[in-house]
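> missing the sequence, but the structure's below:
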Ligand SMILES: [Zn+2]
């Protein structure tokens, strides 16, 4: 195994471990419990989980998806979030390699994963996560302005670009857009910049439309079914940050 492959495997396993931590955040942030202290416990019987049964993916398989103590099924979502994080970290590594950008984007994706699952469960996006996203975006912008010759206008317009469109849409069609969605696109716009956040909004809306059409056609939903927009916007941001530049280049090469 060469060094690049070894590092890729390491990044993937690192992602699984971070995913395990993100599960804790998804569960504890909405109920305002500390995320940095306290051992993991079963949400059903409250028994503590020993470290050797808290290994990403493997423990879930070993325990056959059941709590060792009360035999209550463990949500399939725990290993799914771990796997998702591992795969996204691997994708970031394969895209940016050994660079600060990898670290920035991994942090961005981690926050977006937490936001997506909390929004999916509770239809809220906690302000603490929006603040974290803005802080990360500002650090990312400073890095880009100093080392990549970016200008200050890009993150500032990025803040207003997609969020402004959603805000206007919310004025035209009342109750269509949640305040959390507007804040999410404002905060992520600081990180992604003007071009990529607009693309992210377009891709996110596309994903949501595809699901909406699927729900209507398969009669699993009606025109009144509410779907949380946050996860789709997050997926749009992830797609745009990883593939955006290439998509824009491809688009321009076809149409110009
Ligand atoms: Zn239990």
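On my side now, so go ahead. Everything numeric here is computed off the predicted structure, so don't read it as measured data.
> And the residue of the stretch 151-256 of the chain found nearest the ion, what's its pLDDT?
Nearest residue of the stretch 151-256 of the chain to the ion: residue 231, at 27.7 Å (C-beta to the ion). To be clear about C-beta, it is placed using only N, CA and C from the backbone, and glycine gets the same treatment. Residue 231 is assigned 97 on the pLDDT scale.
> So for stretch 209-228, what gets flagged as buried?
residue 228 (16 or more other C-beta atoms under 10 Å).
> how about the residues of the stretch 1-150 of the chain near the ion?
Selection of the stretch 1-150 of the chain residues close to the ion by C-beta under 5 Å from the ion yields 42, 44, 45, 67, 69, 70.
> most surrounded residue in those residues?
Greatest neighbour count in those, by other C-beta atoms under 10 Å, goes to residue 67: 18 neighbours.
> which ones are touching that one?
Taking C-beta atoms under 8 Å, 6 or more residues apart in numbering, we find residue 67 in contact with 42, 44, 45, 47, 73, 74.
> biggest separation within these, which pair?
For these, the maximum inter-member distance is 14.9 Å, found between 47 and 73 (C-beta to C-beta).
> helix or strand for the residue positioned nearest the centre of the chain, which one?
In the chain, the centroid-proximal residue (C-alpha atoms, centre = their mean) is residue 112; its distance is 2.4 Å. Following DSSP states H and E, one finds residue 112 within helix 100-122.
> Let me see the mean pLDDT of that helix.
Helix 100-122 comes out with an average pLDDT of 97.
> Assumed the residue of the stretch 151-256 of the chain closest to the ion was part of a helix.
Yes - the assignment for residue 231 is a helix, going by DSSP: H, G, I helix; E, B strand; the rest coil.
> how many neighbours does the closest residue to it other than its chain neighbours have?
Distances taken as C-beta to C-beta, 6 or more residues apart in numbering put residue 116 closest to residue 231, at 4.0 Å, once the chain neighbours are dropped. Counted with other C-beta under 10 Å, the neighbours of residue 116 add up to 24.
> can you pull the contacts of residue 116?
Shown in contact with residue 116 (C-beta under 8 Å, 6+ apart): 230, 231, 234, 235.
> and residue 126, what are its phi and psi?
The phi and psi torsions at residue 126 (degrees, to the nearest 10) take the values phi -60, psi 140.
> Does anything pack onto the helix or strand of the chain with the lowest mean pLDDT? Which helices or strands?
When each helix and strand of the chain is scored by mean pLDDT, DSSP states H and E, helix 58-62 comes last, with a mean of 90. Packing contacts for helix 58-62, counted by 3 or more C-beta pairs under 8 Å, 6 or more residues apart in numbering; DSSP states H and E, involve helix 77-96.
> related to what we said a few turns ago, surely the residue nearest to the centre of the chain is in contact with residue 236?
No - with contacts counted by C-beta atoms under 8 Å, residue 112 stays clear of residue 236, the gap being 9.9 Å.
> Name the residues of stretch 20-39 that are buried.
By 16+ other C-beta under 10 Å, the buried positions in stretch 20-39 come out as 20, 21, 22, 23, 24, 25, 26, 27, 29.
> Name the residues that touch it?
With C-beta under 8 Å, 6+ apart as the test, stretch 20-39 has contacts from 40, 43, 48-49, 54, 56, 77-78, 81-82, 85, 110, 113-114, 117-118, 121-122, 124, 126, 128-129.
> next one: that stretch to chain centre, how far?
Put simply, stretch 20-39 sits 16 Å off its chain's centre (C-alpha atoms, centre = their mean, to the nearest Å).
> Are we agreed that residue 175 is in a strand?
No - Residue 175 sits outside any strand when classified using three-state DSSP, being coil.
> contacting residues for it?
Applying C-beta under 8 Å, 6+ apart, we find residue 175 in contact with no residue.
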